[in-house]
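Colleague: quick one, what's the 3D model for this:
(4 chains)
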Amino acid sequence: MATVAARELVDGEVVFVGIGLPNLACNLARRTHAPNLVLIYESGAVGATPSRLPVSIGDPALVTGSLMVCGMADVFQLFLQNGRIEVGFLGGAQVDRQGNINTTVIGSYEKPTVRLPGSGGAAEIAIHAQRILIVAKLSPRVFPERVDFLTSPGQRVAKVITDKGVLERDPRTGELVLAALYPGVAVADVQAGVGWPLRANAPLARLEPPTTIELQLLRDVLDPKRLYLKS
Amino acid sequence: MATVAARELVDGEVVFVGIGLPNLACNLARRTHAPNLVLIYESGAVGATPSRLPVSIGDPALVTGSLMVCGMADVFQLFLQNGRIEVGFLGGAQVDRQGNINTTVIGSYEKPTVRLPGSGGAAEIAIHAQRILIVAKLSPRVFPERVDFLTSPGQRVAKVITDKGVLERDPRTGELVLAALYPGVAVADVQAGVGWPLRANAPLARLEPPTTIELQLLRDVLDPKRLYLKS
Amino acid sequence: MRDAVARLVRDGDVVVIEGFTHLISFAAGHEIIRQRRRDLTLCRLTPDLIYDQMIAAGCAKKLVFSWAGNPGVGSLFAFRRAVESGQLEIEEYSHFGMVARFLAGAARLPFWTLRDYTGTDLPRANPRIKSVTCPYTGEELATVPALNPDVTIVHAQRADAQGNTQVWGLLGVQKEAAFASERVIVVVEELVDERVIRSDPNRTLIPAAVVSAVVVEPWGAHPSYAQGYYDRDNDFYVGWEAISKERTQLADYLDEFVYGVQTRAEYMQKQPRLAERLRAGEQFSTGVNYGF
Amino acid sequence: MRDAVARLVRDGDVVVIEGFTHLISFAAGHEIIRQRRRDLTLCRLTPDLIYDQMIAAGCAKKLVFSWAGNPGVGSLFAFRRAVESGQLEIEEYSHFGMVARFLAGAARLPFWTLRDYTGTDLPRANPRIKSVTCPYTGEELATVPALNPDVTIVHAQRADAQGNTQVWGLLGVQKEAAFASERVIVVVEELVDERVIRSDPNRTLIPAAVVSAVVVEPWGAHPSYAQGYYDRDNDFYVGWEAISKERTQLADYLDEFVYGVQTRAEYMQKQPRLAERLRAGEQFSTGVNYGF
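Modeller: Got it, this is the predicted structure:
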């Protein structure tokens, strides 16, 4: 997933980075095909080149040696609302057929079964970043027909990168459709993790497996303690 | 005038300072009875202790050794509109019976006889500072019944410090009335410089002449080149 | 700290302890717990461990927030138990919404305008998110109401005795929260001479004019961090998952590390290897010329 | 500078050269005059000598401003002649109004809200000052429309080759103007290695992401100043009163110091004692620790 996400990034782009896999993906891209990627964290660090894998979005390693640190009012007003962010990464407890994301509650808002953390910056990232990439593992609980609570609208979702394949948003219908598969994965495997009848592009693209260099960077340099890499 | 203005300031107050006489008055007060006066310049220098007499409100000497430098958005939103400014100094080409000030045009706005500089920060200083002190020399042209253009409203004007006496705003009628005279000045001398029938408090206060220390500070320390002191 | 909290934080207050990951005043939160303040409305973008502890200790009546999790780790379980059982009132925004509330509060405007929330369920969950029509274009834009706390507490690297406060590294919304607040407590790693502040005035984030009290409390942000002083205690954040999950473990934690100490110095003495493990390395910036 | 202006400043553009007293790019203004740009809408809080010169040279169709004088000295006579004879269109705000217009532009909102103008004649003189009703309190508040220039030019102490720009001393509204603008030219005293920027990231005011061109032009702000590099040329400002008052003297000035030179370096060579008279003394700040 980290490799596939990394390959979605174009050199020179300004990326709003979350913690975990998106952060890995961005730093992998910076060390391979996109050395001029500009990473912006919602904590206010711009152009960070962290010397260690940050555990939180406000890690001190994101500040030391960054190009700019600004207050959060500037992050949201001058960067995000201003339209300067080209790519935004989001995850979620639920992603629905239209690419909408829920990070607020499972069940009703008033009497939730599970109280999730809430929007954080996800609502405005989904509204203002020019292109949204979602990273999430497939499962029918995570990909329902409709989210219990709509935290982040799906309009700007470009791709959903999962552990079995990549979904794209059909610009006509707004629906997520299967666009590419990992080697050895069948359409039915993806359908098993999605709670609506999944349409598939024809022909389906084939995702290249990680190269030796990519694997080596991920395992030896970027996440040697396996904080985010599970395989 | 500088001495009279200085004596209006209370130790510890936060003062929005203009250039010229107000700046002299504030620095005189800081060196006599009000060492903890906090001077804020609209350029963004807070707690300045200029080592030379600043010619402009953005003089580099206001920055070096100040307590804080902030952008102008913060000056207007966080200090002024927030209500943190206790005293604001204003001057003007015209001051009228109600304490309104004109720094925009003489004549009509569309076809002015004289185009003045305009508001600068004067409109919002008059609206947000808790107490306004005006410093101006008496003359019927400067003190008309009504200003040609209302740049800064008079509601918060506390006193008008002139070269012959001090006017105060009557809180009931909003009208400027004579409150105090310099030694040797008669009521008629003040009336001669004011374009409306001037009412006078009874009894009139007497303004103490500058002390030796005040004169020495003004002439030898604060304005040795006589940039703003004319006498 | 004891005096500042006793004097400036009152039962029923709207309280803000700000700092985005960086510079969160755990020392002040612990003192508020020790002084058993009640019925507080706690506001923060990210409630973080400190509000999880204050909720567990019974200080909070209401929480105003935008992201309530343990960053990179998981849940805040005291918060979740309180919400899922209906014992804690909540008022929820997005980060931008909370930032905008502080901006309005700091500028003393009744509301702030932002382009946000279109297509989301957030305005349905929170009727205080409203809208306004642009007088120029006719567009409809989202609004949030100003947030003007009774008291805001911020941690910082250094301040002078008057309260002129300098911060570097992540700035969060501390400036806005301080200007929005009725009363402000600044907690610092170091009290410095006014000349230190005056030698670099562009670093001053909060001026003395808005500060009610300055408290010197080295390590007062732990397990949060202070750039240039000590690192974030990520192990503690990871460990909180297990403590927070069980009521009894959380109670034991509070007994030992909050109620069981009188001061932050005692808190540090209980954990003698903490300082050594987290003390910051050196990476100094170069000075700039303020001459003319 | 020649290339940057040729490429990025076009006839009819809305042009902003910002900097409040500090860091006004006279070098860029002079180059615009030399390249004979026409029909510009010039915007600045304080038109200052630079716009007085550009108005005299025939570059301006319209002026948007809030205080048009020679600070501490007197009038801008080219401006006054143009206004009093009806040859220059004007649009006038207060300082706060202009700042608010840049804030709205930078945040890409169509308007900004402020508490201002009640009881003044300014909204009568400028119908673009309007009002909005608060959706919470019902209060009526003033509004100004966003200002989004075609091109903004700012002078700064230093930047890297990508355009990450650091400023200290007075900050004016440069950050807001840059973020509000379609194109941005940064003119610097010194081009520095990216490592210098990265050694003190809290000093960065404008990020490369919004910068179209970086021009290196030492002394490019004279007779304005650059804190830590050179002092304001107050004598020049005082002397401008006499030059500006007489059309022919002003024309002679432009002939000699603007049209008569090709570059800023030539401008400085014509005035060999300038650097010596104005070069800044040293008063360095101390570095802070960014380690963790």
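Colleague: where along the chain do the strands fall?
Modeller: Using chain A here. Taking DSSP state E to define them, one finds strands in chain A at A:14-17, A:38-41, A:45-46, A:68-69, A:87-90, A:94-95, A:101-102, A:105-107, A:112-115, A:131-135, A:157-161, A:165-169, A:176-181, A:200-206.
Colleague: other chain: chain C
Modeller: Here chain C has its strands, by DSSP E, at C:14-17, C:40-43, C:60-65, C:89-92, C:111-114, C:130-133, C:140-145, C:151-159, C:165-166, C:183-191, C:204-206, C:213-216.
Colleague: next, format these as CSV and append mean neighbour count and mean pLDDT.
Modeller: (C-beta placed from N, C-alpha, C; glycine too.) Listed next are the strands of chain C as CSV, based on neighbours: other C-beta atoms under 10 Å in any protein chain shown; pLDDT from 0 to 100:
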stretch, mean neighbour count, mean pLDDT
strand C:14-17, 26, 98
strand C:40-43, 24, 98
strand C:60-65, 20, 98
strand C:89-92, 17, 98
strand C:111-114, 24, 98
strand C:130-133, 16, 98
strand C:140-145, 21, 98
strand C:151-159, 28, 98
strand C:165-166, 26, 98
strand C:183-191, 23, 98
strand C:204-206, 24, 98
strand C:213-216, 20, 98
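Colleague: and of those strands, who's closest to chain B?
Modeller: strand C:204-206 (3.7 Å; C-beta to the nearest C-beta).
Colleague: chain B contacts on the stretch 51-200 of chain C?
Modeller: By C-beta under 8 Å from any C-beta of the partner chain, the residues of the stretch 51-200 of chain C that approach chain B are C:106-109, C:164, C:175, C:179, C:194, C:197-199.
Colleague: drop anything exposed from these.
Modeller: C:106-109, C:164, C:175, C:179, C:194, C:197-199 (16 or more other C-beta atoms under 10 Å in any protein chain shown).
Colleague: could I get the strands of chain A as a markdown table with mean pLDDT, distance to chain B and mean neighbour count?
Modeller: Converted to a markdown table, those look like this (pLDDT from 0 to 100; distance: least, C-beta to the nearest C-beta, whole Å; neighbours: other C-beta atoms under 10 Å in any protein chain shown):
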| stretch | mean pLDDT | distance to chain B | mean neighbour count |
| --- | --- | --- | --- |
| strand A:14-17 | 94 | 23 | 25 |
| strand A:38-41 | 94 | 21 | 25 |
| strand A:45-46 | 97 | 18 | 28 |
| strand A:68-69 | 98 | 15 | 26 |
| strand A:87-90 | 96 | 26 | 27 |
| strand A:94-95 | 97 | 39 | 26 |
| strand A:101-102 | 97 | 33 | 26 |
| strand A:105-107 | 96 | 35 | 18 |
| strand A:112-115 | 92 | 35 | 15 |
| strand A:131-135 | 96 | 30 | 23 |
| strand A:157-161 | 97 | 34 | 23 |
| strand A:165-169 | 97 | 38 | 24 |
| strand A:176-181 | 97 | 42 | 20 |
| strand A:200-206 | 93 | 48 | 12 |
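Colleague: re the thing from before, and which of the buried ones among the residues of the stretch 51-200 of chain C next to chain B is nearest to chain A?
Modeller: residue C:175 (6.6 Å).
Colleague: contacts only, for the closest residue to that closest one other than its chain neighbours.
Modeller: The shortest distance from residue C:175 to any non-neighbouring residue, by C-beta to C-beta, 6 or more residues apart in numbering or on different chains, is to residue C:205 (5.1 Å). By C-beta atoms under 8 Å, 6 or more residues apart in numbering or on different chains, residue C:205 lies in contact with C:156, C:165-167, C:171, C:174-175.
Colleague: recalculate using a threshold of 7 Å.
Modeller: Residue C:205 makes contacts with C:165-167, C:171, C:174-175, as judged by C-beta atoms under 7 Å, 6 or more residues apart in numbering or on different chains.
Colleague: which parts of the stretch 151-292 of chain C sit against chain D?
Modeller: C:168, C:199-200, C:202, C:227-228, C:231, C:280-292 (C-beta under 7 Å from any C-beta of the partner chain).
Colleague: got the buried residues for stretch A:123-141?
Modeller: Buried residues in stretch A:123-141 (16+ other C-beta under 10 Å): A:123-129, A:131-136, A:138.
Colleague: just the helices in chain C please.
Modeller: Using DSSP state H, the helices found in chain C span residues C:2-8, C:26-34, C:48-56, C:77-84, C:95-107, C:122-125, C:174-180, C:194-198, C:234-245, C:247-253, C:264-269, C:274-278.
Colleague: want to throw those into TSV with distance to residue D:141?
Modeller: Shown next, in TSV, are the helices of chain C (distance: least, C-beta to C-beta, whole Å):
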stretch	distance to residue D:141
helix C:2-8	31
helix C:26-34	34
helix C:48-56	33
helix C:77-84	35
helix C:95-107	11
helix C:122-125	22
helix C:174-180	17
helix C:194-198	35
helix C:234-245	42
helix C:247-253	46
helix C:264-269	44
helix C:274-278	47
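Colleague: near residue C:87, how many other residues are there?
Modeller: Under the neighbour criterion other C-beta atoms under 10 Å in any protein chain shown, residue C:87 is assigned a count of 12.
Colleague: then residue C:281?
Modeller: 11.
Colleague: let me see the contact set for residue 47.
Modeller: I'll assume chain A. A:38-39, A:66-68 are the contacts of residue A:47 under C-beta under 7 Å, 6+ apart.
Colleague: correction: the question concerned chain C.
Modeller: So residue C:47 contacts C:63, C:65, C:68, C:76, C:79 (C-beta under 7 Å, 6+ apart).
Colleague: also residue C:259?
Modeller: Under the contact definition (C-beta under 7 Å, 6+ apart), the residues listed for residue C:259 are residue C:34.
Colleague: partner residues bridging the residue lying closest to residue C:90 once chain neighbours are set aside?
Modeller: Spatial nearest neighbour of residue C:90, chain neighbours left out: residue C:63 (5.1 Å); criterion: C-beta to C-beta, 6+ apart. Listed beta-bridge partners, residue C:63: residue C:42, residue C:90 (assigned using DSSP bridges).
Colleague: quick one: residues contacting residue C:63.
Modeller: Residue C:63 makes contact with C:42, C:47, C:51, C:88, C:90, according to C-beta under 7 Å, 6+ apart.
Colleague: let's go with 8 Å and repeat that
Modeller: C:41-43, C:47, C:51, C:55, C:79, C:88-91.
Colleague: pull the longest helix from chain A.
Modeller: From DSSP H, the single longest helix across chain A is helix A:21-31.
Colleague: and it, what does it pack against?
Modeller: Helices and strands touching helix A:21-31, by 3 or more C-beta pairs under 8 Å, 6 or more residues apart in numbering or on different chains; DSSP states H and E, are helix A:2-7, strand A:14-17, strand A:38-41, strand A:87-90, strand A:131-135.
Colleague: which positions within the helix-or-strand element of chain A with minimal mean pLDDT qualify as buried?
Modeller: Here the helix or strand of chain A ranked lowest by mean pLDDT, DSSP states H and E is helix A:21-31, holding a mean of 90. Buried residues in helix A:21-31, defined by neighbour count with 16+ other C-beta under 10 Å: A:21-31.
Colleague: among those residues, which one lies nearest to chain C?
Modeller: Looking across these and measuring by C-beta to the nearest C-beta, the closest to chain C is residue A:23, at 9.7 Å.
Colleague: what sits closest to that closest one if chain neighbours are left out?
Modeller: Nearest-residue entry for residue A:23: residue A:17, 5.5 Å, with adjacent residues in sequence omitted and distances by C-beta to C-beta, 6+ apart.
Colleague: ok, now which ones touch residue A:118?
Modeller: Counting by C-beta under 8 Å, 6+ apart, residue A:118 has contacts A:103-104, A:151, C:65-69, C:92, C:94.
Colleague: for the residue lying closest to residue A:43 once chain neighbours are set aside, the count of nearby residues, please.
Modeller: Taking C-beta to C-beta, 6+ apart, and ignoring the residues beside it in sequence, residue A:43 has residue A:58 as its nearest neighbour in space, at 4.1 Å. For residue A:58, the neighbour count with other C-beta under 10 Å is 28.
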